[in-house]
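K.L.:
Provide a 3D model corresponding to the input given below.
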Amino acid sequence: RTAGLNLLIFAIPATLVAALIGIPRARAIVRPVRELSGAARAIAAGDLGRRVTPVGDDEVTHSAHSFNIMAEDLQQTIAAEAAERARVEERTRELSALLDISRMVASTLELPQLVGLILDQLRSVIDYEAASVLTREGDALIVLGSRLQPGRASTVGLRFEIARGPRIWEMLSRSEPVLIADVRGDESLATAYRDLVGHDLDATPFRAVRSWMGVPLAVQERVIGLLAISRPEPGYFDARHVRLTRAVAGQAALAIENARLYGQAASLAALEERNRLARDLHDSVTQSIYALGMLARAGQTQFDRNAPGLPTTLQRISTLAGEALAEMRALLVELRPTALAEEGLGPAVERLVASYRLRTDIAVTCIAGAVARLDPDVETAVFRIVQEALANAIKHSGASTVTVTLTDDDGIVRATVHDNGASFDPSAPVVSLDNGGGMGLRSMQERANAAAIMLRVASVPGSGTTITVEAPVSARAMAPA
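P.N.:
Reported below is the predicted structural model:
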């Protein structure tokens, strides 16, 4: 018992001493662990730059080193993922913008409007200061359209001789983009630019230009012009701008070429229309006027001789003059169908048929119901096709009856011209006008193609010919806002 008491008396101080010695050691372990735990919570909360400070050379310190390494890897991984996500989002926006551009440039075939759409849509992917579309015409580049900052003089119509800056066009003709960091600099391309537009840039509309980029407009490896953009600060454009501008230029070139071909086709159609009217004038009105002149001379002779046939001659003159006037009025209806724009297809077709009744003994009938208004270009195409089909039936088919029908069924405006005359092979080659044939079918098909409407020709021996043109009511003209 005394020995046990002595042992207890000895153990208590020893335990106290050991405890006092262990407290600092425990603190040395707990503090780094607590710091590690706090850093882990901070990173979990989004503080990816949080690190711990290793102290000593024990296992806790090694854990701190490992923690810092893992935190650094995590931060880099998350940063890389964020950068990739941003790149994907940017690329998605670019592709969406390019898709919008594709839809917009396909919405019109009017060249000035198309060029404006191209430049406006280009701004959605590139923040340019000024931009222009230029096309090659002969040995020069002509500005078709531009978008400039307010206060700058328009550049539309400006002409640049290629020979003054041949190197730029040589690169473009090889489908290479031209990128100039500073048009006022000493590099050879900058000099070529000044050669092309004028060395005294301050005296030109391009005095604010520093960075400049030209991208070729190419159609089937044929360069038809360029898309040019600029900024007032040097070194602005990079490879990304080149890539985006080339994507826009690829769509723009095809759209511009289509618009130019459409314009040429429209001009050719107008020329053919004028030639047809000239032939009609020669065949009808000119001959009537010639006959009037002969009758007037005959009447003068009868008057001088006091011949009894003068009243009959004067009556023939009056009748023929009335017929010539009616013919002229009918040709004016064909040349400029004002009823088409003011009242629509139905009234315009009815007046067209009425004008033909005055000029032929063939029974021409019109059955025209109320039809929806269409886009003006589509209405004009339908009217001109009906006009051409009616003229061909009356002049060339040998028919005794011709019927024109106009309906609006199931969202389709449909016009048909049927005659009971001689049939023909619609697939046969077109015979030239010089050989006595006609080009009406080709003209009608070109009009239908340009307006994106359907044309059908059916010719059956013993049943005559039926020409049908159909336009969807989806081609309805939009009411102004």
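
K.L.:
Show me the helices in the stretch 151-300 of the chain, by range?
P.N.:
166-173, 188-197, 239-280, 287-305 (DSSP state H, counting those that start in this stretch).

K.L.:
CA atoms only: put the second one into PDB for me.
P.N.:
Once non-C-alpha atoms are left out, helix 188-197 reads as follows in PDB (Å, rounded to 0.1, in the frame of the first residue of the first chain):
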ATOM      1  CA  SER A 188       5.800  46.300 -99.900                       C
ATOM      2  CA  LEU A 189       2.100  45.600 -99.600                       C
ATOM      3  CA  ALA A 190       1.500  48.900 -97.900                       C
ATOM      4  CA  THR A 191       3.300  50.600-100.800                       C
ATOM      5  CA  ALA A 192       1.100  48.600-103.300                       C
ATOM      6  CA  TYR A 193      -2.000  49.800-101.400                       C
ATOM      7  CA  ARG A 194      -0.900  53.400-101.700                       C
ATOM      8  CA  ASP A 195      -0.100  52.900-105.400                       C
ATOM      9  CA  LEU A 196      -3.600  51.600-105.900                       C
ATOM     10  CA  VAL A 197      -5.700  54.200-103.900                       C
END
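
K.L.:
gap between it and the chain center?
P.N.:
Put simply, helix 188-197 sits 31 Å off its chain's centre (C-alpha atoms, centre = their mean, to the nearest Å).

K.L.:
What's the mean pLDDT across it?
P.N.:
In this model, helix 188-197 has a mean pLDDT of 91.

K.L.:
Against which helices or strands is it packed?
P.N.:
Here helix 188-197 touches helix 166-173, strand 178-180, going by 3 or more C-beta pairs under 8 Å, 6 or more residues apart in numbering; DSSP states H and E. From N, CA and C alone the C-beta is placed, and that goes for glycine too.

K.L.:
Can you tell me which of the ones you listed is packed in deepest?
P.N.:
With neighbours taken as mean count of other C-beta atoms under 10 Å, the helices and strands packed on helix 188-197 reach their highest mean count in strand 178-180, at a mean of 21.

K.L.:
helices or strands up against it?
P.N.:
Contacts defined by 3+ C-beta pairs under 8 Å, 6+ apart place strand 178-180 against helix 166-173, helix 188-197, strand 211-219.

K.L.:
Just confirm residue 130 contacts residue 145, I think it does.
P.N.:
No: the pair residue 130 / residue 145 is not scored as a contact, 11.8 Å apart, by C-beta atoms under 8 Å.

K.L.:
picking up where we left off before, using CSV, please lay out the helices and strands packed on helix 188-197 together with mean pLDDT and distance to residue 113.
P.N.:
Formatted as CSV, the helices and strands packed on helix 188-197 follow (pLDDT from 0 to 100; distance: least, C-beta to C-beta, whole Å):
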stretch, mean pLDDT, distance to residue 113
helix 166-173, 92, 25
strand 178-180, 94, 27
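
K.L.:
I'd like these written out as JSON lines, with distance to residue 116 added.
P.N.:
Output for these, formatted as JSON lines (distance: least, C-beta to C-beta, whole Å):
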{"stretch": "helix 166-173", "distance to residue 116": "22"}
{"stretch": "strand 178-180", "distance to residue 116": "23"}
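
K.L.:
For residue 398, which of the ones you listed is the nearest?
P.N.:
helix 166-173 (55.9 Å; C-beta to C-beta).

K.L.:
neighbouring contacts of that closest one?
P.N.:
With C-beta atoms under 8 Å, 6 or more residues apart in numbering as the test, helix 166-173 has contacts from 141, 162, 177-178, 188-189, 192-193, 196, 214, 216, 223, 226.

K.L.:
And these, which is closest to residue 297?
P.N.:
residue 141 (61.0 Å).

K.L.:
is it true that the closest one touches residue 227?
P.N.:
No: look at residue 141 against residue 227 with C-beta under 8 Å: they stay out of range, at 11.7 Å.

K.L.:
what about the helices in the stretch 301-450 of the chain?
P.N.:
In the stretch 301-450 of the chain, the segments counted as helices under DSSP H, counting those that start in this stretch are 310-335, 338-343, 345-357, 376-396, 440-451.

K.L.:
So for residue 137, which of those helices sits nearest?
P.N.:
helix 440-451 (23.3 Å).

K.L.:
So which other helices or strands are in contact with the closest one?
P.N.:
Using 3+ C-beta pairs under 8 Å, 6+ apart: helix 440-451 touches helix 239-280, helix 376-396, strand 454-460, strand 464-472.

K.L.:
could these be laid out in TSV, adding mean pLDDT, distance to residue 46 and mean neighbour count?
P.N.:
TSV is the format used below for these (pLDDT from 0 to 100; distance: least, C-beta to C-beta, whole Å; neighbours: other C-beta atoms under 10 Å):
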stretch	mean pLDDT	distance to residue 46	mean neighbour count
helix 239-280	74	30	16
helix 376-396	86	59	22
strand 454-460	89	62	15
strand 464-472	91	56	21
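
K.L.:
For those, give me JSON lines that also has distance to residue 411.
P.N.:
Formatted as JSON lines, the helices and strands packed on helix 440-451 follow (distance: least, C-beta to C-beta, whole Å):
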{"stretch": "helix 239-280", "distance to residue 411": "26"}
{"stretch": "helix 376-396", "distance to residue 411": "14"}
{"stretch": "strand 454-460", "distance to residue 411": "13"}
{"stretch": "strand 464-472", "distance to residue 411": "6"}
